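>>> 3D, please:
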Amino acid sequence: QVQLVESGGGLVQAGGSLRLSCAVSGSTYIINAMGWFRQAPGKRRELVAGLTAAGLRNYADSVKGRFTISRDTAKNTVYLQMNKLKPEDTAVYYCNAGGDYTDYGQPSNYWGQGTQVTVSS
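Numbers count the residues shown, from 1 in each chain. Have a look, this model is predicted:
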């Protein structure tokens with residue numbers, strides 16, 4: 001059974017950085033396609049960054065140039081490096097595995113539990 005466990009969220013001031021991690025267990029291939037989504041209060045869950053099996057990266061316009069998605073296949077872990085954080089980045093961040101992360105994303109049913117990111121102004 002596939003399990004995803006996120007970590008790395010927290011409280012940071014605007015302009016700061018955080019790195020989120022998503023550890024994947026139960027599958028050695030599903031990490032090939034991974035995505036990070038976020039959901040702010042009262043808003044729909046949205047794709048933030050995606051990494052396809054072909055190694056292509058897709059980012060929401062709002063985070064381009066600030067966020068970077070990467071994976072370490074040896075550790076079965078996917079990361080989201082978030083720099084120059086803004087208050088509007090405040091949300092619960094979720095990783096997703098095995099979906100389609102092009103355009104606006106078509107997530108799979110495999111979700112982590114979420115990690116809170118709060119950016120103060």
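
>>> element containing the residue nearest the centre of the chain?
Centroid-nearest residue in the chain: residue 36, 2.4 Å away (criterion: C-alpha atoms, centre = their mean). Residue 36 belongs to strand 34-39 when assigned by DSSP states H and E.

>>> outside of that strand, which residues touch it?
Here strand 34-39 makes contact (C-beta atoms under 8 Å, 6 or more residues apart in numbering) with 20, 22, 24, 45-51, 69, 71, 78, 80, 89, 91-97, 99, 101, 105, 107, 114, 117. Every C-beta, even on glycine, is put in place using the N, C-alpha and C of the backbone.

>>> mean confidence for stretch 26-40?
What stretch 26-40 shows for mean pLDDT is 88.

>>> In that stretch, which residues are buried?
30-38 (16 or more other C-beta atoms under 10 Å).

>>> again, but for stretch 59-69
Buried residues in stretch 59-69, counted by 16+ other C-beta under 10 Å: 59-60, 63, 67, 69.

>>> farthest-separated two in those residues?
Spatial extent of the buried residues of stretch 59-69 (C-beta to C-beta) is set by the pair 60 and 69 at 11.1 Å.

>>> Give me the common contacts of these two.
By C-beta under 8 Å, 6+ apart, residue 60 and residue 69 have these common neighbours: residue 49.
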